[in-house]
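1. Provided below for reference: sequence and predicted model.
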Amino acid sequence: MKITLIAALIVFLALGCGDDANTNVANNSGNATPAPSSSDAKATRDKANAIAKKAWSYLEANYNKSTGNPLDDTWGPNCNVAFSGMILHGALRCGLIKPDDQRVRDTVDAMVKQQQPTGQWTLGGSNAVYTTSIAYLTLAWLRDNGGAAYREQLSGRLDKAREYLTNSQVGAPKSPLADVKKETDSTYGGWAYSKEELADPKNAGKPKANLSTTSFAIEAASAFGLKPDDPLWQRALTYLERNHNSAEVSKGLVIRTAEGKEVVDPPAGDPNAGGARYSPDTSKANEIDMGDGKVMLRSYGSMTYALLSCYMAAGLKRTDPRVELAYKWITHNFSVSRVPGYVNTENLQTADQQGLYYQYMQMGRALSLYGSDMFKDSNNIEVYWKKDLVAQLERSQKPEGYWKNDKQDRWYENLPMICTGYVLSALADVMK
């Protein structure tokens, strides 16, 4: 049951000097970047707040409705931790519910009881890194913002979760794959669905790490309070570079697919150059046969957003060439109506709708962490991404207040609770 879920942590830059004035703000490299007018920024925030409140009406009406099937759960003390954590974290960050609300207290108490002795939470016995990362972010927010009672209740629990996630990194000293070497294994520094799956012989041959899971773990790790030179970040950067689909980023080794084909990185100027893939040897957007037993993996939107957010969380600056490459791919392929990189075919005419709502969440986090509200696309047209995203979410919101992917059910995006959780996280980033 490979469910992809997430929550986010972001910075909002919408400064103006006059009601309709456009202005420039300085980024962390000292260069001026465009910003929306104060009136445009306010209108976007107000619209985001309005659709978040409409979503909250739906979520309140569906509080704690469990059927016993985790995929049919809503959120609340009797529901699965992943859904509950994602919804609660987004709602708290959007200001839709207060820490002292009894529903928050009851949900947190239930989450605490479900934590395993070794520190993790799971979704039906699997996906522990995903679920623990979501739970960590939710409970850490309450520890830091909810008052003394939450600090006392949660600090020890969070320490155990942190230990679990740290020891789940491939190549970490206490990982089941501690003997994996940076020089010989492309999964070094990443995270798999759970630490236990790494050690299970039945999973032999499966990727030991992927960028989606890794992005969840790195988001949680960004709340650990680690120093920039912590070994966790150094290992993670090695893995991130090997997911970066660019000949300009050194991989340090030859990477092969599960079928033994050599992976060729796209050169500068190729449409895939600068983007990201699912794992060093796999792309969910498929591959291009280059002949002679070689393939090029397609870059696609959601993983490139994940890569950018991970680079920023790991402490890279905007001027770092790796950040510049990923950001350029994003701005030149920007869309709020599809997942760029997927190629529609006669047999799958909605390929570019796969994981669309997951991409919204990754988009919000990555671009907010990058810290610029506006950019120029490949046609040199200025894009105010928050405005475009909010407008798309307003169009696609159902009358009842939820979202779901009507065109593609891959990765469970036909489930309203998953898609609504993704959107709530994105809206929190927009309104921050």
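-> Looks like it arrived, so ask away.
2. how about low-confidence regions in the chain?
-> Under the criterion pLDDT under 70, the flagged ranges of the chain are 1-33, 199, 201-207.
3. what are the ranges of the strands in it?
-> For the chain, the strands defined by DSSP state E occupy 23-26, 32-35, 244-245, 262-263, 275-276, 287-291, 294-297, 374-376, 382-384.
4. Can you say which of these is nearest to Gly401?
-> strand 382-384 (25.0 Å; C-beta to C-beta). C-beta: built from backbone N, CA, C; applies to glycine.
5. TSV please, covering the strands of the chain and showing mean neighbour count.
-> Listed next are these as TSV, based on neighbours: other C-beta atoms under 10 Å:
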stretch	mean neighbour count
strand 23-26	13
strand 32-35	16
strand 244-245	28
strand 262-263	18
strand 275-276	32
strand 287-291	13
strand 294-297	21
strand 374-376	17
strand 382-384	16
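6. Dump these into TSV; add distance to Leu367 as well.
-> Converted to TSV, the strands of the chain look like this (distance: least, C-beta to C-beta, whole Å):
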stretch	distance to Leu367
strand 23-26	15
strand 32-35	12
strand 244-245	18
strand 262-263	28
strand 275-276	15
strand 287-291	27
strand 294-297	23
strand 374-376	9
strand 382-384	10
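7. who wins for proximity to Glu400 among those?
-> Using C-beta to C-beta, those put strand 382-384 closest to Glu400, at 28.6 Å.
8. Determine the set of other helices and strands touching that closest one.
-> Here strand 382-384 touches strand 374-376, going by 3 or more C-beta pairs under 8 Å, 6 or more residues apart in numbering; DSSP states H and E.
9. From start to finish, how long is stretch 400-420 in a straight line?
-> 11 Å (C-alpha to C-alpha, to the nearest Å).
10. can you list contacts of that stretch?
-> When contacts are defined by C-beta atoms under 8 Å, 6 or more residues apart in numbering, stretch 400-420 is touched by residues 2-5, 54-59, 62, 71, 73-75, 83, 87, 350, 353-358, 393, 396-398, 422-423.
11. which of those are buried?
-> Neighbour counting with 16 or more other C-beta atoms under 10 Å marks 3-5, 54-56, 58-59, 62, 73-75, 83, 87, 353-358, 393, 396-397, 422-423 as buried within these.
12. What separation is there between the most far-flung residue of the chain relative to its centre and Gln349?
-> Residue farthest from the centre of the chain, counting by C-alpha atoms, centre = their mean, is Asp292 at 35.4 Å. For Asp292, the distance to Gln349 equals 32 Å [C-beta to C-beta, to the nearest Å].
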